[in-house]
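>>> Take a look and give me a structure for this.
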Amino acid sequence: MQFVELDITDHVALVTMNAPPVNAVSATLMDEMIATFDKMSDLDEVRVVVLTGAGKMFCAGADIKSRAGLQMQPGDRWAHSRRARELSYSIIECKKPVIAAINGPALGAGLGIAVSCDILLCSENASLGLPEVDVGLMGGGRHAMRVCGHSLTRRMMMTGDRIPGAELYRRGIVEACVPLEELMPTTMAMARRIAAKSPLASRTAKNSASTIEGMTLRDGYRFEQNMTAELGRSNDSREAMRAFVEKRPPVFTGT
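Have a look, this model is predicted:
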């Protein structure tokens with residue numbers, strides 16, 4: 001691929017956006033990201049995915065330079081919007097847990113990519129922002145609402161302010177804010193912890209979390225109970241309980 005790098009080691013897939021200089025979101029990057037995350041869902045050797053950006057930016061958002069002088073043909077705008085939506089869905093709907101290692105600013109569409117991941121970690125030089133108001137555009141607000149809350153989301157949408165990593169951690173938006181050189185070791189340590197779990201249980205947990213997000217308490221809890229009953233019939237579940245009783249590490253097969 002041109003802008004997406006993939007490395008798989010010990011059941012952890014490291015996906016790196018590498019579109020110099022700022023990992024701006026072009027049509028090519030979107031297509032490659034969608035294809036990559038669809039592939040992750042089907043690879044049994046992958047149990048967890050880590051997503052990061054190359055260089056000093058996680059993702060600067062839409063490729064404004066390429067769009068500024070572009071002559072849009074009938075239908076192009078709708079196709080572009082659909083592709084942008086599917087990029088987020090490819091991460092949200094990926095069957096494997098996805099951890100964002102936010103190594104720098106994640107702006108606009110880049111914010112949408114980051115918050116589509118299941119777990120967010122960032123470096124001290126990272127930030128989240130919605131700068132579209134400064135370039136005559138809109139977008140990303142609904143993604144931000146999933147993690148940022150009422151006032152902060154509107155502040156970002158109306159001012160274009162970037163929220164630094166330390167404040168993101170203080171507000172509970174990210175799970176850790178560490179020096180840049182510690183970001184990948186910290187992220188990979190969490191990824192390995194998840195990869196050591198039953199892959200069937202991890203996939204079920206992600207599916208459950210994504211499904212119940214928009215449900216009532218009664219419907220969501222009932223869905224979780226049904227998932228628990230289904231998971232309890234698996235070989236991995238029985239192995240986990242045997243290992244607990246026998247005081248030994250479990251050996252999972254994903255079945």
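
>>> So, low pLDDT: which residues of the stretch 1-150 of the chain?
64-70 (pLDDT under 70).

>>> mind redoing it with 90?
Scanning the stretch 1-150 of the chain with the threshold set as pLDDT under 90 gives 61-81, 84, 132-140.

>>> could you pull out the helices for it?
For the stretch 1-150 of the chain, the helices defined by DSSP state H, counting those that start in this stretch cover 27-42, 64-68, 76-92, 109-115, 141-148, 150-159.

>>> mind checking how far residue 198 is from residue 166?
Relative to residue 166, residue 198 is positioned 35 Å away (C-beta to C-beta, to the nearest Å). Every C-beta, even on glycine, is put in place using the N, C-alpha and C of the backbone.

>>> Touching, residue 52 and residue 18? I think so.
No. Assessed by C-beta atoms under 8 Å, residue 52 is found out of contact with residue 18, at 9.8 Å.

>>> So the two - more neighbours on which side?
With neighbours defined as other C-beta atoms under 10 Å, residue 52 and residue 18 compare such that residue 52 has more, 25 against 15.

>>> For that one, give me its contacts.
14, 15, 16, 17, 58, 100, 101, 102, 103, 183, 184, 187 (C-beta atoms under 8 Å, 6 or more residues apart in numbering).

>>> Can you name the residues bridging to the second one?
So that's residue 15. Beta-bridge partners recorded for residue 15 (DSSP bridges): residue 6, residue 51.

>>> Can you verify my assumption that it contacts residue 51?
Yes. When contacts are counted by C-beta under 8 Å, residue 15 is listed as touching residue 51 (4.9 Å).

>>> The two: who's more crowded?
Counted by other C-beta under 10 Å, residue 15 and residue 51 do not tie: residue 51 has more neighbours, with 27 against 23.

>>> The more buried one and residue 103, how far apart?
Between residue 51 and residue 103 the computed distance is 10 Å (C-beta to C-beta).

>>> From residue 227, how far off is residue 235?
Using C-beta to C-beta, residue 235 is found at 16 Å from residue 227.

>>> How is this protein partitioned into domains?
As given by automatic domain parsing, the domain ranges for the chain are 4-195, 199-246.

>>> so residue 164 makes contact with residue 127?
Yes. Taking contacts as C-beta under 8 Å, residue 164 lies within contact range of residue 127: 5.0 Å.

>>> Return the residues in contact with residue 17.
Per C-beta under 8 Å, 6+ apart, neighbours of residue 17: 3, 4, 23, 29, 33, 51, 52, 53, 54, 58, 59.

>>> So which residue is dead centre in the protein?
residue 117 (1.7 Å; C-alpha atoms, centre = their mean).

>>> That one: what's it in contact with?
Contacts here follow C-beta under 8 Å, 6+ apart; on that basis residue 117 touches 51, 91, 98, 99, 100.

>>> quick one: contacts for the residue nearest to it when sequence neighbours are not counted?
Among residues not flanking residue 117 along the chain, residue 100 sits closest, at 3.8 Å (C-beta to C-beta, 6 or more residues apart in numbering). Neighbouring residues of residue 100 by C-beta under 8 Å, 6+ apart: 51, 52, 58, 113, 114, 115, 117, 119, 120, 121, 122.
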